[in-house]
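Enquirer: have a look; sequence and predicted model below, questions after that.
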Amino acid sequence: MLVSADKKWEYALGMIKVDGLEPSPEFKNLIAKEKRGEMTTDDIKKVLDKKYKMKK
């Protein structure tokens with residue numbers, strides 16, 4: 001059974017909210033772009049890796 005991208009993100013965001021956290025507007029924007037087909041999940045990972053990766 002295939003699960004839609006909307007359902008996958010719904011689940012992921014729900015898991016974040018269970019911990020009492022709220023995704024940033026920037027992250028929500030990346031999700032919206034992925035849902036519209038403007039980005040892939042790999043693209044989101046690259047953006048987040050670039051933003052949060054520690055410099056050596």
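Expert: That came through fine.

Enquirer: chain center to the worst-scoring helix or strand of the chain on mean pLDDT: distance?
Expert: In the chain, no helix or strand scores lower on mean pLDDT, DSSP states H and E than helix 5-18, which sits at a mean of 90. A distance of 9 Å separates the centroid of the chain from that of helix 5-18, by CA atoms, centre = their mean, to the nearest Å.

Enquirer: go on, stretch 27-40?
Expert: On CA atoms, centre = their mean, the centre of stretch 27-40 falls 8 Å from that of its chain.

Enquirer: OK, contacts around the residue nearest the centre of the chain?
Expert: By CA atoms, centre = their mean, the chain has its centre lying nearest to Ile31, at 4.8 Å. Shown in contact with Ile31 (CB atoms under 8 Å, 6 or more residues apart in numbering): 9, 13, 23, 44. (Each C-beta comes from the backbone N, C-alpha and C, glycine too.)

Enquirer: dump the residues you listed into a markdown table; add distance to Lys35 and neighbour count as well.
Expert: Shown next, in a markdown table, are those (distance: CB to CB, whole Å; neighbours: other CB atoms under 10 Å):
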| residue | distance to Lys35 | neighbour count |
| --- | --- | --- |
| Trp9 | 7 | 17 |
| Leu13 | 12 | 16 |
| Pro23 | 14 | 15 |
| Ile44 | 11 | 15 |
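
Enquirer: which one of those is nearest to Lys50?
Expert: Ile44 (10.9 Å; CB to CB).

Enquirer: helices of this structure, start to end?
Expert: 5-18, 25-35, 41-52 (DSSP state H).

Enquirer: can you pull the phi/psi pair for Glu38?
Expert: Main-chain torsions, Glu38, degrees, to the nearest 10: phi -80, psi -20.

Enquirer: just to revisit the earlier point, can you pull the buried residues of the least confident helix or strand of the chain?
Expert: Under the neighbour-count criterion of 16 or more other CB atoms under 10 Å, helix 5-18 has 9, 13 buried.

Enquirer: who does that helix touch, helix- and strand-wise?
Expert: If you count contacts as 3 or more CB pairs under 8 Å, 6 or more residues apart in numbering; DSSP states H and E, helix 5-18 packs onto helix 25-35.
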